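Participant: coords please:
(chains A, B, C and D)
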2 protein chains.
Amino acid sequence: MQHARCFQKGFAGTRTRDIAEEAGINLALLNYYFRSKEKLFDIIVLETMQSFFNSMADAFNNDQTSLESKVETLVSNYIDLLTKNPDIPLFILSELKMNPTEIVKKIGVKDLVMNSYFMKQYIEEANAGKIAMLHPMHFIMNMMGMIVFPFIASPILKSLGDLPQDDFNDMMQQRKKMIPLWIKAILNTNPNQ
Amino acid sequence: MQHARCFQKGFAGTRTRDIAEEAGINLALLNYYFRSKEKLFDIIVLETMQSFFNSMADAFNNDQTSLESKVETLVSNYIDLLTKNPDIPLFILSELKMNPTEIVKKIGVKDLVMNSYFMKQYIEEANAGKIAMLHPMHFIMNMMGMIVFPFIASPILKSLGDLPQDDFNDMMQQRKKMIPLWIKAILNTNPNQ
DNA sequence: TTATTTATTAAACAAATGATTAAAACACTT
DNA sequence: AAGTGTTTTAATCATTTGTTTAATAAATAA
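Facilitator: Residues are numbered from 1 along each chain as shown, chains lettered A, B, ... in the order given. Prediction:
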């Protein structure tokens, strides 16, 4: 399923009639299966977040690859994913603001990220002095910010830089190579400057 | 005016009755002044974006300060602004996705950013080899991403890092000092690696 | 004052919308 | 074939919601 309309218009902006039509089923059937619009959206949000985060779980927990290589994989995969589905982040973050922590807990994204082999490697290298002693959350904010923010802000950025969709996508492809370099530069920065 | 409800729930999720009540005026009066919900929101979005971008215009066009110092000011001011009004970015970006380029043009944000003294300095220093030869849009994406993304994604980040609101705010204060250092590190990165 | 425009309100309207109902169609078992 | 439970649908309901109307109050002009 694509949930295209949901992603674009969000919970309040999406009509159950449109969802039913898009799915090719009767409106009453939608309620027969999901009981209410809210429960339907709970499922859509959950599924979407789950697939968004789980898509990286394998690479995250590979104990054969370096931290650096994991960053490269993560950046590359997410940029490809977001190029194909640019509406997902804004959808997730908008819906999440309404039902705050409930959904996040259900997915177990905290365990997925914070207890990953990736995080273990990060903390080890930080303790060993190989990279900057930087709170993991700053690292996540920077990395995800550099990856996700351009897609969230694409309307304004495309207008700002006179970028048609194709040029914007080209730029995102460039970022696949650049972001890992920038991350490395950040991790070599002395925080006590 | 605060537009609090609008910022939290967006166009589709906000009821005109609630806006009227919050403003302490009669519902019919709202239409008497603004003619329709859509036109009311056009004004709110426009005003909000204008204040968001214009708030930085002065510092941006100061020809007495260095590029580095401008980055520091920008980061610090925006983090303070977003700490006070964390709902603004998601509101702007959500509404912007519906009415794509129309609004952006009205504000003249393109002229404000791209023809600023700040940008001139950036391009000069890039040409002089003092900083990396990096497309200005990458620079903007990175800087704004590092500043704004944490606020947009705060629900998930706070849960991920076990951060109560106060700790989250502390972390944002830390970023005031860090982001300029990270930006500098990025601008010293050789892109042809 | 009186007239006229402007601001404000309570009430109502029409369309949209999430949900339900009751009946029909289908699948499966005995 | 008859019985039973499940799936699907057209029609309907009850609210919600953006907007309008018609009347009143307040301000302004004559």
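
Participant: The strand or helix carrying A:Asp167 near chain B at all?
Facilitator: A:Asp167 belongs to helix A:165-187 when assigned by DSSP states H and E. Yes. Using Cβ under 8 Å from any Cβ of the partner chain, helix A:165-187 comes into contact with chain B via A:171, A:174-175, A:178, A:181-182, A:184-186. In this view, the C-beta of every residue, glycine as well, is placed from N, C-alpha and C.

Participant: Most neighbours out of those, which is it?
Facilitator: A:Ile186 (27 neighbours; other Cβ atoms under 10 Å in any protein chain shown).

Participant: Output the lowest mean pLDDT helix or strand found in chain A.
Facilitator: Of all helical and strand segments in chain A, the minimum by mean pLDDT, DSSP states H and E falls on helix A:100-107, at a mean of 82.

Participant: Counting by contacts, list what the helix or strand just after it packs against.
Facilitator: Per DSSP H and E, the first helix or strand lying C-terminal to helix A:100-107 is helix A:109-114. Packing partners of helix A:109-114 (3 or more Cβ pairs under 8 Å, 6 or more residues apart in numbering or on different chains; DSSP states H and E): helix A:37-54, helix A:57-60, helix B:154-160.

Participant: tilt between the helix holding A:Asp167 and helix B:165-187?
Facilitator: 100 degrees (axes from the mean of the first three to the mean of the last three Cα atoms, to 10 degrees).

Participant: any low-confidence regions in chain A?
Facilitator: A:1-2, A:191-193 (pLDDT under 70).

Participant: any idea how far the residue of it positioned farthest from its centre is from DNA strand C?
Facilitator: Taking Cα atoms, centre = their mean, the residue of chain A most remote from its mean C-alpha position is A:Ala28, at 33.0 Å. Remark: distance between A:Ala28 and DNA strand C (Cβ to the nearest atom of the strand, to the nearest Å) = 3 Å.

Participant: Which helix or which strand is home to that residue?
Facilitator: Under the criterion of DSSP H and E, A:Ala28 resides in helix A:27-34.

Participant: quick one: buried residues of that helix?
Facilitator: Residues of helix A:27-34 classed as buried: A:30, A:34 (neighbour count, 16 or more other Cβ atoms under 10 Å in any protein chain shown).

Participant: Next: stretch A:6-16.
Facilitator: Within stretch A:6-16, the residues that count as buried by 16+ other Cβ under 10 Å are A:6-7, A:9-14.

Participant: Show me which residues of stretch A:161-176 are buried.
Facilitator: For stretch A:161-176, the neighbour count (16+ other Cβ under 10 Å) marks A:161, A:163, A:168, A:171-172, A:175-176 as buried.

Participant: Out of those residues, which comes closest to B:Leu67?
Facilitator: Of all the buried residues of stretch A:161-176, the one with the least separation from B:Leu67 (Cβ to Cβ) is A:Gly161, at 19.0 Å.

Participant: What residues does that closest one make contact with?
Facilitator: B:114, B:136-137, B:140 (Cβ atoms under 8 Å, 6 or more residues apart in numbering or on different chains).

Participant: Take those and keep only those in helices.
Facilitator: B:114, B:136-137, B:140 (DSSP state H).

Participant: Quick check: of these, which lies closest to B:Phe34?
Facilitator: Closest approach between the ones in helices among the contacts of A:Gly161 and B:Phe34, by Cβ to Cβ: B:Met114, at 32.0 Å.

Participant: Next up, the contacts around that closest one.
Facilitator: Applying Cβ under 8 Å, 6+ apart, the residues contacting B:Met114 are A:160-161, B:136.

Participant: ok, now with 6 Å
Facilitator: With contact set as Cβ atoms under 6 Å, 6 or more residues apart in numbering or on different chains, B:Met114 has no partners.

Participant: can you check A:Leu112 too?
Facilitator: A:53, A:57.

Participant: Please name the nearest non-neighbouring residue to A:Pro155.
Facilitator: Once flanking residues are discounted, A:Pro155 sits nearest to B:Leu96: 4.8 Å by Cβ to Cβ, 6 or more residues apart in numbering or on different chains.

Participant: Just the element for the one you found, please.
Facilitator: Going by DSSP H and E, B:Leu96 is part of helix B:88-98.

Participant: Give me the spatial nearest neighbour of A:Thr101, chain neighbours excluded.
Facilitator: Nearest non-adjacent residue to A:Thr101, counting by Cβ to Cβ, 6+ apart: B:Ser159, 5.4 Å away.

Participant: neighbours around that neighbour, how many?
Facilitator: Neighbour number of B:Ser159 under other Cβ under 10 Å is 19.

Participant: just checking, it touches A:Asn99?
Facilitator: No. Contact criterion Cβ atoms under 6 Å: B:Ser159 and A:Asn99 do not qualify, at 11.8 Å.
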